[in-house]
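**Q** Pasting the sequence and the predicted model now:
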Amino acid sequence: MACEVKLAAFTPDAARVAASAARLCYSASRASDLFDGLDSEKTGEFLLKLRKIGHLSPFEHAVFTFAIDGLSRVASHQLVRHRLASFSQQSQRYVTMGAQRVVTPPSVAAIPEAAAIFEEQANAAHAAYQRLAELGVPKEDARFILPHGWETSLMLTMNARELHHFFSLRLCRRAQWEIRFLATKMLALVRSCALELFDSSGPPCLTDGTCHEEHGCGRPYANIDELLLDQL
């Protein structure tokens with residue numbers, strides 16, 4: 001199953017919330033009055049200015065929650081390295097892994113013999129898990145036999161500032177393919193509801209015209225459309 005991502009919840013009028021929070025820093029007005037006169041055009045211009053000068057703390061007031069299914073634990077282990085986020089993940093300690101559910105890398109799927117070996121070993125691991133459970137081994141111990149590629153489900157919450165950082169790292173062509181696929185879907189979702197916040201979000205080759213990798217891919221993105229279509 002391909003990874004599925006849904007935007008479960010987000011800050012209403014997120015772009016204006018971030019822009020109004022920034023206005024407070026430079027205005028003598030009351031916080032409750034800062035939305036006045038802040039239309040879409042002014043919001044976009046103000047947020048662009050904030051990004052240019054590096055004043056990013058107002059972006060933390062806009063929060064987005066994603067429901068994610070079909071992600072491997074290989075990718076979820078990478079996700080938790082983003083510390084300014086909240087995670088709730090399906091537990092293999094309490095939930096029985098009732099069917100073989102392993103994410104197959106495209107490089108494996110592309111080679112019939114490799115795919116057959118991969119499938120055989122995944123089935124064997126799951127059969128061993130089931131047998132251990134039948135023998136009375138607790139699920140929390142039987143799960144040790146399951147592969148890293150086992151599918152998981154989780155809820156992920158990040159604020160807009162951390163999402164910009166996440167996208168800058170995980171949308172690079174050199175990022176691991178699965179988390180890049182996830183990041184692409186997440187970017188498309190947040191752009192659909194808060195474009196002003198994410199109209200210039202992505203890897204440095206796209207946002208700054210520079211590459212921060214020691215060994216670059218040599219294929220910088222030309223525009224956001226190319227990035228959103230290049231999921232693998």
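**A** Looks like it came in fine.

**Q** Just the element for the closest residue to residue 123 other than its chain neighbours, please.
**A** The shortest distance from residue 123 to any non-neighbouring residue, by Cβ to Cβ, 6 or more residues apart in numbering, is to residue 100 (5.6 Å). In this view, the C-beta of every residue, glycine as well, is placed from N, C-alpha and C. For residue 100, there is no helix or strand it lies in under DSSP states H and E.

**Q** Mind exporting the C-alpha coordinates of stretch 84-101 to CSV?
**A** Written as CSV, here are the backbone C-alpha positions of stretch 84-101 (Å, rounded to 0.1, in the frame of the first residue of the first chain):
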residue,chain,number,x,y,z
LEU,A,84,9.9,20.3,17.3
ALA,A,85,6.9,18.1,16.5
SER,A,86,4.4,15.9,18.2
PHE,A,87,3.9,12.2,17.3
SER,A,88,1.4,9.5,18.2
GLN,A,89,2.2,6.2,16.6
GLN,A,90,0.4,2.8,16.4
SER,A,91,1.9,0.6,19.0
GLN,A,92,3.3,-2.9,18.1
ARG,A,93,3.3,-3.6,21.8
TYR,A,94,-0.5,-3.5,22.1
VAL,A,95,-1.7,-3.9,18.5
THR,A,96,-1.5,-7.4,16.9
MET,A,97,0.2,-7.3,13.6
GLY,A,98,-2.4,-9.5,12.0
ALA,A,99,-1.2,-9.5,8.4
GLN,A,100,2.0,-9.1,6.5
ARG,A,101,2.4,-5.3,5.8
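
**Q** Show the contacting residues for the residue nearest to residue 123.
**A** Residues near residue 100 by Cβ atoms under 8 Å, 6 or more residues apart in numbering: 122-123, 126.

**Q** ranges for the strands of this structure?
**A** For the chain, applying DSSP state E gives strands covering 4-10, 63-72, 85-89, 151-159.

**Q** picking that back up, can you tell me which of the contacts of residue 100 lies closest to residue 80?
**A** residue 122 (23.4 Å; Cβ to Cβ).

**Q** With adjacent residues omitted, what lies nearest to the closest one?
**A** residue 102 (4.3 Å).

**Q** still on that earlier bit, pLDDT wise, what is the residue nearest to residue 123 at?
**A** Residue 100 carries a pLDDT score of 91 in this model.

**Q** Equivalent analysis for residue 2, please.
**A** For residue 2, pLDDT reads 76.

**Q** and the closest residue to it other than its chain neighbours, what pLDDT?
**A** Spatial nearest neighbour of residue 2, excluding adjacent residues (Cβ to Cβ, 6+ apart): residue 70 at 6.2 Å. For residue 70, the pLDDT comes out at 97.

**Q** go on, residue 34?
**A** Looking at residue 34, the pLDDT reads 63.

**Q** where does this structure dip in pLDDT?
**A** Applying pLDDT under 70 to the chain flags residues 1, 27-37, 231-232.

**Q** so where's the longest helix in it?
**A** Counting residues, the longest helix in the chain under DSSP state H turns out to be helix 112-134.

**Q** Buried residues in that helix, which are they?
**A** Neighbour-count burial for helix 112-134, counted by 16 or more other Cβ atoms under 10 Å, picks out 118, 122, 125-126, 129-130, 132-133.

**Q** just checking, what packs against that helix?
**A** helix 106-109, helix 139-142 (3 or more Cβ pairs under 8 Å, 6 or more residues apart in numbering; DSSP states H and E).
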